[in-house]
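**Student:** next input, structure requested:
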Amino acid sequence: MFLKYKPTWMIESIYQITPQQLKKYGIKAILTDLDNTLIAWNNPDGTEELKNWLAEMKKAKIPVIVVSNNKASRVARAVAPFELPFISRAMKPFGVGIKKALRTLNLAPTEVLMVGDQLMTDIRAAHAANVRSVLVKPIVQTDAWNTRINRWREKIVMRHLLKNHQDMTWRGELI
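**Tutor:** Below is the predicted model:
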């Protein structure tokens, strides 16, 4: 049961993922959660680090698509400055939004990577869609009210996973 929440990799931040690492694993596109993964949930303007990372992905011709459970107007406003495509109301933890992104990109599940800060939604959805996943640490330590419930459940699942899977360690890159 808990394996449905086990990420492929755990790294500190999405910004540590490089085109070279992605190419090593045959990954051609990144699907990413929005809040606390790509941007702080309470600061939708992003950072210079985000802009540099997105420029690096664009230069390497690696598409980045936001896959979010938020409503379209919220996601559109958040990603507009970065000109990112998105899928809203993704229905995570189900694989619906990720599968829609796969169709949009015309890529196989083995060619994309789902990045998110929550086991209960992002990582579970990646499993549901049969794509590899990266769990990142939340950008900020506070959450919107609706995420706090998942964080409590996540602590229980994470404790079990860390105890039973020695390969689950925080790293600085995909290895």
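
**Student:** can you give me the strands for the protein?
**Tutor:** 9-11, 29-32, 64-67, 86-87, 112-116, 132-136 (DSSP state E).

**Student:** deepest-packed of those, please.
**Tutor:** strand 112-116 (a mean of 27; mean count of other CB atoms under 10 Å). Every C-beta, even on glycine, is put in place using the N, C-alpha and C of the backbone.

**Student:** what does the pLDDT read for the residue most central in space within the chain?
**Tutor:** Residue closest to the mean C-alpha point of the chain, counted by CA atoms, centre = their mean, is Val115 at 2.0 Å. Looking at Val115, its pLDDT stands at 98.

**Student:** how about stretch 106-118 as PDB, C-alpha atoms only?
**Tutor:** As requested, the backbone C-alpha atoms of stretch 106-118 are provided in PDB (Å, rounded to 0.1, in the frame of the first residue of the first chain):
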ATOM      1  CA  ASN A 106       2.700  13.000 -27.300                       C
ATOM      2  CA  LEU A 107       5.200  11.200 -25.000                       C
ATOM      3  CA  ALA A 108       5.300   7.900 -23.300                       C
ATOM      4  CA  PRO A 109       5.200   7.700 -19.500                       C
ATOM      5  CA  THR A 110       8.900   6.700 -19.400                       C
ATOM      6  CA  GLU A 111       9.800  10.000 -21.100                       C
ATOM      7  CA  VAL A 112       8.400  12.400 -18.500                       C
ATOM      8  CA  LEU A 113       9.000  13.200 -14.900                       C
ATOM      9  CA  MET A 114       6.500  14.400 -12.300                       C
ATOM     10  CA  VAL A 115       7.900  16.800  -9.700                       C
ATOM     11  CA  GLY A 116       6.000  17.700  -6.500                       C
ATOM     12  CA  ASP A 117       6.200  18.500  -2.900                       C
ATOM     13  CA  GLN A 118       3.500  16.100  -1.700                       C
END
